[in-house]
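Need a 3D model of the sequence below.
(one chain, ligands or ions: 1)
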Amino acid sequence: METTENGKMPSSHFNGPALTQLCIRSANPVGERQRPGALSANTDRTGSLDSSASPQPARRPSCNAVSELDSWMEAPPFTGASHEGKRRMPGLRGLRDQRVIVTGAAGAIGRAIVERLAEEGGIVGVLDLDGEGAEAVVGALRETGGRAHALAADLTRPEQVEQAVERFVAKVGSVDGLVNNAGWDVAHDFLDTDEAVWQKLVDINLMGPLRITKAVLTHMAAQRCGRVVSIASDAGRVGSSGEAVYAACKGGIIAFSKSVARELARQGVTFNAVCPGPTDTPLLEGLDPTGRLQQALVRAIPMRRLGEPTDLPGIVAFLLSDDAAFITGQSISVSGGLTMHG
Ligand SMILES: NC(=O)c1ccc[n+]([C@@H]2O[C@H](COP(=O)([O-])OP(=O)(O)OC[C@H]3O[C@@H](n4cnc5c(N)ncnc54)[C@H](O)[C@@H]3O)[C@@H](O)[C@H]2O)c1
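Got it, this is the predicted structure:
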């Protein structure tokens, strides 16, 4: 995603009604209007299952966004003042009740993303190979009022991927968003690697996202609305020594996002990639447990620090929201300025 000339994102206050109309047009090209506030045939606002109704593909409220648009039209103009009686500046649109699966959600960046989405009122599928870790994340989210469901699954096993998506759909009615975040890496010069390690890297970092993207697209295309955000890497944009095959997978994910973004644009599904730079997580620590690599990276990063997991959820939430309804096929770095593309 490119920013504006002065590097700022346009304010959601200024663009609110216009972007909401774009969402109505792009997500609902036949002009069908859905009852405002409807979640789905078989769920309530807690995301829990009503077993008396059969699951139906459902359009989430903000895919259509009629209620939000109407409330904008009726509201008095925002004056900029925040004292009592004045209307509060709204946040990102369309995240409330959004049903999103986040993969690798027991890991560092994944957990930060699901915490933010739950805070925004989303219903989150916490998918991870580490089932206990996923349960622990869900338990913590529920203690603070978040709505989440643990989905233990290995992305290298196609049948487990499909079952996890179907379990989530059975619980909450459909799936509106996917964050492809799970990943794995090991540092070796390319000449020291063999087919076995290439296979593992490709299976987790490239094939994994392809499998689950295909599984959720069936639902998103049926409801003519969806958001897919893939956590790629700056390694996939500019290369990285010691990570040749991992970088190839991440570059592949960026190219895949751009291609399916074109194929599914008229079905109302957007695809974007977020590219973290070096981020202080177990994955980075595993590349050099001595910490020397991390110190060298800090010296190279203009902002003079590694990324933190909490640096990622903002852009992910934005790309999942209706404020990003007209943004697709883009990739954006979150790297403290380490990589800059003109
Ligand atoms: N940390 C960094 O410096 C950095 C930089 C660029 C990109 N990234 C990307 O960010 C994403 C998150 O990484 P992180 O740093 O939080 O790592 P992490 O190791 O903390 O989390 C990764 C999670 O993915 C899960 N996972 C791995 N293989 C899986 C599989 N087959 N099926 C299901 N889940 C699986 C792990 O169990 C783990 O919970 C990854 O895609 C990674 O490539 C990280």
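
Please count neighbours and contacts with C-alpha atoms only from this point.
Noted.

and the helix or strand harbouring Glu132, what other elements does it pack with?
If you go by DSSP states H and E, Glu132 is part of helix 131-143. Applying 3 or more CA pairs under 8 Å, 6 or more residues apart in numbering; DSSP states H and E, we find helix 131-143 packed against helix 108-119, strand 123-128, strand 147-152.

residues in contact with the second one?
The set of residues external to strand 123-128 that reach it, using CA atoms under 8 Å, 6 or more residues apart in numbering, is 47, 97-106, 114, 117-118, 134, 137-138, 146-154, 164, 168, 182.

right, is stretch 113-130 up against the ligand?
Yes: Stretch 113-130 reaches the ligand (CA under 6 Å from any ligand atom) through 128-130.

residues near Leu283, how many?
Other residues near Leu283 come to 17 when the count uses other CA atoms under 10 Å.

is it true that it touches Asp185?
Yes: between Leu283 and Asp185 there is a contact under CA atoms under 8 Å: 6.9 Å.

For Gly277, list the residues it contacts.
Going by CA under 8 Å, 6+ apart, Gly277 touches 233-235, 306-307, 333-336, 338-339.

check those residues against the ligand, which are close?
Checking the contacts of Gly277 against the ligand by CA under 6 Å from any ligand atom, the ones in range are Ser233.

ok, and the most crowded of the residues of stretch 113-130 next to the ligand?
In terms of neighbour count, Asp128 stands highest of the residues of stretch 113-130 next to the ligand at 26 neighbours, by other CA under 10 Å.

That one bridge partners, please.
For Asp128, the beta-bridge partners under DSSP bridges are Ala152.

Let's see the pLDDT reported for it.
Asp128 carries a pLDDT value of 98.

Packing partners of the top helix by length along the chain?
Across the chain, the helix with the greatest residue count (assigned by DSSP state H) is helix 244-263. Contacts defined by 3+ CA pairs under 8 Å, 6+ apart place helix 244-263 against helix 195-202, strand 226-231, helix 235-238, strand 269-276.

let's see it at 10 Å
helix 195-202, helix 208-223, strand 226-231, helix 235-238, strand 269-276, strand 330-334 (3 or more CA pairs under 10 Å, 6 or more residues apart in numbering; DSSP states H and E).

Turn those into CSV, including mean neighbour count.
As requested, the helices and strands packed on helix 244-263 are exported to CSV (neighbours: other CA atoms under 10 Å):
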stretch, mean neighbour count
helix 195-202, 15
helix 208-223, 20
strand 226-231, 27
helix 235-238, 19
strand 269-276, 27
strand 330-334, 22
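
Can I get those in JSON lines including mean pLDDT?
Shown next, in JSON lines, are the helices and strands packed on helix 244-263 (pLDDT from 0 to 100):
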{"stretch": "helix 195-202", "mean pLDDT": "98"}
{"stretch": "helix 208-223", "mean pLDDT": "97"}
{"stretch": "strand 226-231", "mean pLDDT": "98"}
{"stretch": "helix 235-238", "mean pLDDT": "96"}
{"stretch": "strand 269-276", "mean pLDDT": "98"}
{"stretch": "strand 330-334", "mean pLDDT": "98"}
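
Redo the ones you listed as JSON lines? Include distance to Leu319.
JSON lines is the format used below for those (distance: least, CA to CA, whole Å):
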{"stretch": "helix 195-202", "distance to Leu319": "25"}
{"stretch": "helix 208-223", "distance to Leu319": "16"}
{"stretch": "strand 226-231", "distance to Leu319": "7"}
{"stretch": "helix 235-238", "distance to Leu319": "19"}
{"stretch": "strand 269-276", "distance to Leu319": "7"}
{"stretch": "strand 330-334", "distance to Leu319": "10"}
